[in-house]
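Trainee: What would the 3D arrangement of this be:
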Amino acid sequence: MKNQVIKYAQNLFFFLLAMTASLATYAQDKGLNIDVEIGTEPVWYQQTWVWVVGAAVFVLLLVALLKNNSKK
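Mentor: Reported below is the predicted structural model:
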């Protein structure tokens, strides 16, 4: 009889311990409110014309440097 009471007390203790741990972790859970504002106008380096002009300048510089080296 004494052995059953001790086993029952242990089961009750572990059940309450598990419930306490569960409630402690649930209490730490908070909702996240993420507010991301995205502007309608892109930044200057995201605009297409900047990339086109940059590529054209790069190609012109590359051609000028390669043409200058072939004359020597």
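Trainee: Same question for stretch 6-15: list its buried residues.
Mentor: For stretch 6-15, burial by neighbour count (16 or more other CB atoms under 10 Å) applies to no residue. In short, each C-beta sits where N, CA and C put it, glycine included.
Trainee: continuing past the helix or strand residue 24 falls within, what's the next helix or strand?
Mentor: According to DSSP states H and E, residue 24 maps onto helix 2-28. Using DSSP H and E, the helix or strand that follows helix 2-28 in sequence is helix 48-71.
Trainee: Name the residues that touch that next one?
Mentor: The contact list for helix 48-71 (CB atoms under 8 Å, 6 or more residues apart in numbering) reads residue 44.
Trainee: quick one: average confidence on that helix?
Mentor: Average pLDDT, helix 48-71: 88.
Trainee: Any idea how far that helix is from the middle of the chain?
Mentor: 37 Å (CA atoms, centre = their mean, to the nearest Å).
Trainee: okay, the spatially most central residue of the chain: pLDDT?
Mentor: With distances taken as CA atoms, centre = their mean, residue 34 lies nearest the centre of the chain, 12.4 Å away. Per-residue pLDDT puts residue 34 at 79.
Trainee: Could you measure from it over to residue 68?
Mentor: 54 Å (CB to CB, to the nearest Å).
Trainee: Same check on residue 27?
Mentor: Taking CB to CB, one finds residue 27 at 72 Å from residue 68.
Trainee: Repeat that for residue 49.
Mentor: Taking CB to CB, one finds residue 49 at 28 Å from residue 68.
Trainee: do the same with residue 17
Mentor: Distance, residue 17 to residue 68, using CB to CB: 80 Å.
Trainee: I'd like to check which residues are in contact with residue 22.
Mentor: Residue 22 neighbours (CB under 8 Å, 6+ apart): none.
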